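> one predicted model, sequence on top.
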Amino acid sequence: MTASSPGASFDQWLVGARQLAHQPARQPCQPLRVAGQVVGSVAEGFLSKISLQRLLDKRYQLSMGEHGGAPAWSLHLPPQAASDANVNATTDALNTLAEALRDANLCGPWRNEQLAVTNPSGEVVGTVERGAVRVLGITTCAVHLVGLAPDGRMWVQKRSLNKPNDPGLWDTLMGGMISAADSLPQALVRETWEEAGLHVHTLAGVAHGGHVLFSRPSSEGGGAGYMVERIDWFRAVVPEGMAPDNQDGEVDEFALLPLEEVRAQVAQGRFTLEAGLVIAGFLGL
């Protein structure tokens, strides 16, 4: 899906982009509960495609039940773990489910990275492998940094062609997922160094700018996935004489562009949807 069309203006692109950022799932979804708490949602019938042996080996039970008067999947923990509301047990159960999805080729790229899993109140109840969050409809959090030069031009990065998502598209100076091990400020510091080789404390005017919300279908799991994400974005000035330098191999190049050129390239679909909407927020639109 794209919000761009030949000759589209940035304002026209923005209308389409905001529509794309909030789309219903391609097929009916059912809540996913773990130890009685809703943590995500899955496409109807999706979990019927996996082998339950991995779960049964650890005394976890996956079954169809009811929640709010509608069908829902429940991942049950052993009685002692459930009664203790054990975060470690919830984490192990979710990761065991993620491994079963991987065995069936039904999840996204496996990253060996844990992301936080929250209940409807926003409380962290466990963690899960990043590759499974989309197919389980688990809410994720990300951070972006809009980096400016002192003269007002914007630093942007071109995503590596080896990236599993949006390879070769342009992005903000930094954009990354917030892992379970990081707070928002910690993720800002870590991702800014890994992607841009910059230390946040050396940047000028670092400030939280706002956030962008997404709820849209994902191609993961054969199109059964659903992305629910909050992106918090920051702004900062990269001092004169300082330039970004990628450290993790996930960026092909950086460029310093006038804002009008950034707007034009976003409108032409050369930026990721996420970056384009973050840039719109930075521009006050």
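Okay, I see it. Residues are numbered from 1 along each chain as shown.

> please count neighbours and contacts with C-alpha atoms only from this point.
Fine.

> least trustworthy helix or strand in this protein by mean pLDDT?
helix 79-83 (a mean of 64; mean pLDDT, DSSP states H and E).

> check which element follows it along the chain.
Later in the chain than helix 79-83, the nearest helix or strand by DSSP states H and E is helix 87-103.

> gap between that next one and the chain center?
Centre-to-centre, helix 87-103 and its host chain are 19 Å apart (C-alpha atoms, centre = their mean, to the nearest Å).

> what residues sit buried inside stretch 172-182?
For stretch 172-182, a neighbour-count test (16 or more other C-alpha atoms under 10 Å) marks 172-180 as buried.

> tell me which of the residues you listed fall in helices.
Judged by DSSP state H, those include no members of helices.

> what mean pLDDT does the one helix or strand V125 maps to get?
Here V125, judged by DSSP H and E, is contained in strand 124-129. What strand 124-129 shows for mean pLDDT is 96.

> so where do the strands sit in the stretch 101-250 of the chain?
Assigned by DSSP state E, counting those that start in this stretch, the stretch 101-250 of the chain shows strands spanning 114-118, 124-129, 140-148, 154-159, 170-172, 174-177, 204-218, 225-237.

> could you export the ones you listed as a markdown table, including distance to F46?
Output for those, formatted as a markdown table (distance: least, C-alpha to C-alpha, whole Å):
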| stretch | distance to F46 |
| --- | --- |
| strand 114-118 | 20 |
| strand 124-129 | 18 |
| strand 140-148 | 20 |
| strand 154-159 | 31 |
| strand 170-172 | 32 |
| strand 174-177 | 25 |
| strand 204-218 | 14 |
| strand 225-237 | 10 |
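
> so which of these is nearest A243?
strand 154-159 (8.9 Å; C-alpha to C-alpha).

> what angle separates the closest one from strand 225-237?
If you take axes from the mean of the first three to the mean of the last three C-alpha atoms, to 10 degrees, strand 154-159 sits at 140 degrees to strand 225-237.

> packing partners for strand 154-159?
Here strand 154-159 touches strand 140-148, strand 170-172, strand 251-257, going by 3 or more C-alpha pairs under 8 Å, 6 or more residues apart in numbering; DSSP states H and E.

> tell me the strands beside that strand, with direction?
Sheet pairing for strand 154-159, assigned by DSSP bridges, gives strand 140-148 (antiparallel), strand 170-172 (antiparallel), strand 251-257 (antiparallel).

> poorly predicted segments of this structure, please.
Scanning the chain for pLDDT under 70 picks out 1-7, 80-85.

> domain parsing for it?
10-24+140-282, 29-132 (automatic domain parsing).

> measure the shortest one end to end?
Distance between the two ends of domain 29-132: 16 Å, counting by C-alpha to C-alpha, to the nearest Å.

> could you check how far that domain is from the centre of its chain?
Relative to its parent chain, domain 29-132 has a centroid offset of 18 Å by C-alpha atoms, centre = their mean.

> check the first one too.
A distance of 11 Å separates the C-alpha centroid of domain 10-24+140-282 from that of its chain, computed with C-alpha atoms, centre = their mean.
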